[in-house]
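Enquirer: With the sequence up front, the predicted model follows.
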Amino acid sequence: MAQIEEVNIEQFKHLVSERALTGETMLLNMGPQHPSTHGVLRLLLELDGETIVNAVPDIGYLHTGIEKNMEAKTYLKAEVMTDRLDYMNTTGNNLAYCLAVEKLVDLDVPVRAQAIRVILTELQRIASHLVWVGTFGLDLAAMSMFLYCFREREIILDILELCSGQRMMTTFIRPGGIWRDVPVEFEAAVRDFLKIFPKRVDEYEALLTKNPLFLDRLYGIGKLDAATALQHGVTGPTLRASGVNWDLRKARPYCGYEQYDFNVPVATEGDTYARYIVRIQEFRESMKIIEQALNKLPMGPVRSDNRKFVAPPRSEIGVSMEALIHHFKLWTEGFPAPKASIYCAVESPRGELGLYLEGDGGPKPHRVHLRTPSFDNLAVLPKIVKGHLVADLVAILASIDIVLGDIDR
Amino acid sequence: MDKKLEKIVQALQENFGSSIEEFRDEVHVFVKAEQIVEALMLLRDKYEFELLSAQTATDYFPQMSPRFHVIYQLTSLAKNLSVQLRVPVNGDQPKVPTATRVYEVANWRERELLDMFGIEFEGHPDPRRILMPDGTDGFPLRKDFPLGYEEPQFTFNFDEIDLRKPYAKE
C-alpha cells in the first residue's frame, strides 16, 4: 500500500490559530474529492468542535495552463480554450474573448449577430443559474430541486445544440460575429422555452423561497458586507446581494445591452439567502432581455465582411480566388493584431469576466490573462465562514457559486 | 480621454512623474515599483477606485528590459471609470511591494504572480504557490518556459533524441 503523506503543518502555521499547534483545535481536510465542494477544491478547516475557526482553501487541482496554451495559438484557434474555462458559461466566455479580439483589432459586428449573442449568453446565464439553484438545493438536502433544474437546463442545451451542433462547448460566437446564422427553428424553440419557464421559476420559489427548513439554514448565514466584498474583488450576484448595484451590462453596455429594458436585482442583507433571492430574480430579468431581443431581432448578415479577419463563407470558396486565399491564410497563419494591450470585461453569471489581451504584431497573442470571477469570489470565503458550523460552510460555499474550471484555469 | 479621467491621470503624473500610453480609449499609467502602494492608495482614497479588477503581469523576454510589467487594472464604481497602472520590473530578482494592504484581493493574485512569473511581493502575508504543486521547478508563464511538446525526431537527430526518451526499463 502506498504511504500516506502527512500534512506538513509548517506551511500552514501562519494561517491557523495558535490553538491548532497545541492540538486544542482540530485540523480537518474537506476535499479535494467531496460532493459539496462543486469540483476539485480542498479546504483545510480548523475546527473547535463543530465550529469553524479558520478555513484555508487550496486550489490548483484543475490547473491546465489555459493562459499559456492560448499564447501558443492563433487568435482564431485560441478561442476553443475559453469554452473549457468556465464550463457552465461557455457562450459567455466566447463572448468575452471575441469582444476582446474585436477591440484589439478594431472589428465591427453586424447588429443581427449582436442580438443573437445576447440571446445565447442570456440563455446560458439561465442555464448556469439553474445548475446553481439545483446544486444549492442538493447541498441543502432538497434533492428534487436538482432534478427539476436539470430538466429545464436540458431545453437550453438543446437550443445550443440546434444552433451549433454542440451542447456545451459551442464556440458558436466567433470574432467578427457568430459561426453561422441560427436555424429557422431557433425562434420557435426559444419562444417555447420562454412560455414554460416563468411557471417553472414560480414552482422553484414555491418549493424553496418560503420553506421554513430552507430559511433556517440560510437566513443570516455567511454575511458579507459591501466594503469587504469590494476589498476582496467580489463581483456578480454575490456583490449585488451585498447591496452594491454594479452590473457591467448596465454600467458599460456591450453588444447592444443598452437597448433592452431590464432591472438589476439587488439585495442588501449580504447573507446566503440574499444571494439566492438575487439569482432567482435574475432568471426573470434574463427572460425579459431574451424576449425583447427576440422581438426586435434584425435581419441581415451575421458575420463581418472584413475578409482580413473573418473567413469567407464556404459557398464563396469554390468561385472566388480571393476567398480561397483568405480562407487559407486565416486558418493557417491567422491575422496579425497590433502591438498593444486591451482589457475587456463582461458580466458572466458569476461576476466580472475580464480578459487582458496583448498582441505583439504577429498572429498569436503575446499574453492572455483571464480575470475569472470565481477566483476572487472564493478568496473571500475564509472571511465569511468564521464562527459558522461545518454544515453552514456547505451552504456558504454553494451560495457564492464557484466553478473550479474558472478558478484554476 | 474622458474629462474626469484626465484629471486623475494628471494628478498621477504630477505626483509620480509617470508616463502614459493610450490605446482604444484605455489609459495605461507607468509607475515605479517603489511608488505603487502610494499610487494605489491615492486612487482608492481620493478618487474612489474601490475595485482592483485585475492584477496580472506580462513577460517581454528577451526583447525588452526591464523584463516584466506588473499590471493593475482599477475600476471606480462610483464614477464608472477604469485606469491601468503598469509597473516595469527587472528580470533578475523581480520584486514589487505588496498591494495587499490597499486591496485585499491582491493576496491571491500576487500568489498567482509569484507562482507563474516568480515575481516576489515584499511584505506579502502568505507567499506560497497557489496553482502549481509545491516544489515545481521554474515559472510556467515566463516566456523562456517551454510549453512542453515532444521533441520532433528527424533523420539527423533521431538517435540522439531517442536516447533521452523515457522508455520503460527492461
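Expert: Sure thing, it's come through. Numbers count the residues shown, from 1 in each chain, chains lettered A, B, ... in the order given.
Enquirer: And the strands in chain B, which stretches?
Expert: B:20-23, B:26-30, B:51-59, B:68-76, B:81-89, B:95-97, B:120-122 (DSSP state E).
Enquirer: Check those strands for me: which has the lowest mean pLDDT.
Expert: Ranked by mean pLDDT, the strands of chain B end with strand B:20-23 at the bottom, a mean of 83.
Enquirer: Counting by contacts, list what that strand packs against.
Expert: strand B:26-30 (3 or more Cβ pairs under 8 Å, 6 or more residues apart in numbering or on different chains; DSSP states H and E). Placement of C-beta: from N, CA and C, glycine included.
Enquirer: Where do the strands of the stretch 151-300 of chain A begin and end?
Expert: A:173-174, A:177-178 (DSSP state E, counting those that start in this stretch).
Enquirer: could I get the ones you listed as a markdown table with mean pLDDT, mean neighbour count and distance to chain B?
Expert: Below are the strands of the stretch 151-300 of chain A laid out as a markdown table (pLDDT from 0 to 100; neighbours: other Cβ atoms under 10 Å in any protein chain shown; distance: least, Cβ to the nearest Cβ, whole Å):
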| stretch | mean pLDDT | mean neighbour count | distance to chain B |
| --- | --- | --- | --- |
| strand A:173-174 | 92 | 26 | 20 |
| strand A:177-178 | 89 | 25 | 20 |
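Enquirer: can you tell which of those is closest to A:Glu46?
Expert: strand A:173-174 (44.2 Å; Cβ to Cβ).
Enquirer: Quick check: residues of chain B near chain A?
Expert: B:23-24, B:26, B:28, B:50-54, B:56, B:58-59, B:71, B:73, B:77, B:80, B:82, B:84, B:103-105, B:107-108, B:125-126, B:128-134, B:140-141, B:145, B:147 (Cβ under 8 Å from any Cβ of the partner chain).
Enquirer: 6 Å instead?
Expert: B:23-24, B:50-54, B:56, B:58, B:73, B:77, B:80, B:104-105, B:108, B:131, B:140-141, B:147 (Cβ under 6 Å from any Cβ of the partner chain).
Enquirer: Which of the residues you listed are buried? Put it as a ChimeraX command.
Expert: A single ChimeraX command selects the buried members of the residues of chain B next to chain A (16 or more other Cβ atoms under 10 Å in any protein chain shown):
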select /B:50,51,52,53,54,56,58,73,77,104,105,108,131,140,141
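Enquirer: Just give the nearest non-adjacent residue to B:Leu131, would you?
Expert: A:Gly60 (3.9 Å; Cβ to Cβ, 6 or more residues apart in numbering or on different chains).
Enquirer: In three-state terms, label the one you found for me.
Expert: coil (DSSP: H, G, I helix; E, B strand; the rest coil).
Enquirer: count of residues packed around it?
Expert: Neighbourhood size, A:Gly60 [other Cβ atoms under 10 Å in any protein chain shown]: 20.
Enquirer: That one against B:Arg128, yeah?
Expert: No: with contact defined as Cβ atoms under 6 Å, A:Gly60 does not reach B:Arg128; the gap is 10.7 Å.
Enquirer: Name the residues of chain A found near chain B, please.
Expert: So far as Cβ under 6 Å from any Cβ goes, chain A lies against chain B at A:60, A:63, A:68, A:72, A:103, A:230-233, A:246, A:251, A:340, A:342-343, A:354, A:356, A:358, A:367, A:369, A:371, A:376, A:379.
Enquirer: A:Leu41 contacts A:Met30, doesn't it?
Expert: No: taking Cβ under 6 Å as the definition, A:Leu41 is not a contact partner of A:Met30, at 8.5 Å.
Enquirer: From B:Phe49, how far out is the residue in the stretch 151-300 of chain A positioned nearest to chain B?
Expert: At 3.3 Å from chain B, A:Gly233 is the closest residue in the stretch 151-300 of chain A, using Cβ to the nearest Cβ. Per Cβ to Cβ, to the nearest Å, A:Gly233 is found 12 Å from B:Phe49.
Enquirer: So for these two, which residue has more residues nearby?
Expert: Legend: neighbour count by other Cβ under 10 Å for A:Gly233 and B:Phe49, higher for A:Gly233 (30 against 25).
Enquirer: Please verify my assumption that that one contacts B:Ala106.
Expert: No: checked against Cβ under 6 Å, the pair A:Gly233 and B:Ala106 is beyond contact range at 8.6 Å.
Enquirer: hey, what's in contact with both of these two?
Expert: By Cβ atoms under 6 Å, 6 or more residues apart in numbering or on different chains, A:Gly233 and B:Ala106 have no common neighbours.
Enquirer: for chain A, which spans come out with low pLDDT?
Expert: Scanning chain A for pLDDT under 70 picks out A:1-9.
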